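Participant: Sharing a model that was predicted from the sequence below.
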Amino acid sequence: MYIDKTSNILNIKAIIAMKDRSLLMIPGPVEFEPAVLQALGAPTTSHVAPDFIEIFGSSISLMRGVFLCPSGQPFIIAGSGTLAMDMVAANLIEQGDNVLVVSTGYFGDRYEEIAKRYGAEVTCLHAAVGGIVTTDVIEAELKKKSYKFLTFTHVDTSTAVKVNPKPIGELGKKYGVLTVLDGVCSVGGEEMRQEEWGIDVAFTASQKAIGVPPGLALIVASPKAIDTWKKRKTNVTNFYSDWKNWLPIMEAYENRKPSYFATPAVNHVCALFVGLNSIIKEGVEARITRHHKFGKAFQKALSAIGLKQVPLKQEYAASTMSAPYYPEGIAASGLLPKIKQAGVIVAGGLHQQIKDKYFRIGHMGAVKESDLYATIGAVESGLHACGYSYDMGAGTIALHEELNRKE
Ligand SMILES: *Cc1c(COP(=O)(O)O)cnc(C)c1O
């Protein structure tokens, strides 16, 4: 019998020890609520068991509440955020369609590639690193030719830059373009009023601000998006992603009827149900306020210890994550392991142009004030260990002041 050498070492205890009690503060996956994890580990039932149908059906309705899109059609599909990007493109783009990509970093660039794969004529407006593409520039492009599909990244995880979706939704209506929001690092944390703002499709993945382990692609499509898909002249070229296969499934579960196209991720859907309920219980508005307050406080703390941040203006800075540059003379290889030694896991750079110059910290989902203190403390002690000279404790003080500031 073939036995992998690592199988003796990598038993389940070792897998648990990979994280143990370190705090996972990357821009997804994040720390999850124990109740969500328990649902994931519950005995697996049939995908057509009445109890599961109830859970799946309710989760679909709860998605409308979280996306603030009462007339939207939710899709809950096994896969990651990239599948959500891919599925939306596969269903809404036909060969030769004009697609406009507004890119604020790595994930916008990824959408350019996906749209091309489905045969689109793609124009991509690239923001400078840390900047945005202004509404005027987008509008000028929409005047040049007739676009079918416009996509932008609400929070680009490679830069921590947040784009305001509201004016883009308005442009979509004015020029008759479908607006597609990549909300993988925003939905469940940032303000995102899909229906009110006229966003045709918004999507995310379970492991970011939604607060459920990686494994689910979550999409909400407006009636206009569904209508556009129905009017396609050609078949969707991706079999798994085709809404023709999935729409009847979502409708069946919501009507509490058994149905099958491909086995849903039963345990993940149960965990999602717990996660979505937790969001609704906190209140979407309260959750947005909490993320906003935490993001601002954490970024003030980073500034207080002298760390510059990738977003060029505070108004572009996300609430769900931060992206500080390393101080002069401090390298990733020195700092990140020291932060880890202090008990907090943060992420390295992702944007190609500045990859080795900055790092990334996620503060979304079930994040608590105590997590922010632990994280700024670990960053401070890491910097200190690297020989960075600054006012030690300044970050913690700034964080405390901002968290306790009366509005
Ligand atoms: C994480 C992320 C993705 C990709 O999601 P995966 O689950 O890693 O496939 C896409 N867009 C944004 C903005 C993200 O943050």
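Facilitator: Okay, I see it. Residues are numbered from 1 along each chain as shown.
Participant: Give the residue spans of this structure that score low on pLDDT.
Facilitator: Scanning the chain for pLDDT under 70 picks out 1-11.
Participant: residues in it within reach of the ligand, list them.
Facilitator: 28, 80-82, 107, 153, 156-157, 182, 184-185, 205 (C-beta under 6 Å from any ligand atom). Quick note: C-beta positions are derived from backbone N, CA and C, even for glycine.
Participant: switch to 5 Å and redo it
Facilitator: Neighbours of the ligand within the chain, by C-beta under 5 Å from any ligand atom: 80-82, 107, 153, 157, 182, 184-185, 205.
Participant: Looking at those residues, which are in strands?
Facilitator: Using DSSP state E, the subset of the residues of the chain next to the ligand located in strands is 153, 182, 205.
Participant: roughly how far apart are the second one and residue 297?
Facilitator: Taking C-beta to C-beta, to the nearest Å as the measure, residue 182 and residue 297 are separated by 26 Å.
Participant: What is the end-to-end distance of stretch 212-231?
Facilitator: End-to-end span of stretch 212-231 (C-alpha to C-alpha, to the nearest Å): 34 Å.
Participant: Make residue 1 into 529 and carry on from there
Facilitator: In the new numbering, first residue 529, that becomes stretch 740-759.
Participant: Give the buried residues for it.
Facilitator: Going by neighbour count (16 or more other C-beta atoms under 10 Å), the buried part of stretch 740-759 is 740-741, 743-750, 752-754, 756-757.
Participant: ok, these vs residue 805, which is closest?
Facilitator: Using C-beta to C-beta, residue 740 comes nearest to residue 805 of these, at 11.2 Å.
Participant: Just confirm the closest one contacts residue 803, I think it does.
Facilitator: Yes. Counting by C-beta atoms under 8 Å, residue 740 touches residue 803, with 4.2 Å between them.
Participant: okay, and the common contacts of those two?
Facilitator: Among the neighbours of residue 740, those also in contact with residue 803 (C-beta atoms under 8 Å, 6 or more residues apart in numbering) are 560, 564, 734.
Participant: Can I get the residues you listed in a markdown table including neighbour count and distance to residue 540?
Facilitator: Below are these laid out as a markdown table (neighbours: other C-beta atoms under 10 Å; distance: C-beta to C-beta, whole Å):
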| residue | neighbour count | distance to residue 540 |
| --- | --- | --- |
| 560 | 21 | 18 |
| 564 | 24 | 20 |
| 734 | 31 | 22 |
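Participant: Check those residues against the ligand and report the nearest one.
Facilitator: The nearest member of these to the ligand, counting by C-beta to the nearest ligand atom, is residue 734 at 8.2 Å.
Participant: and the gap between that closest one and residue 776?
Facilitator: Residue 734 sits 23 Å away from residue 776, taking C-beta to C-beta as the criterion.
Participant: can you tell me the distance between the two ends of stretch 764-777?
Facilitator: 17 Å.
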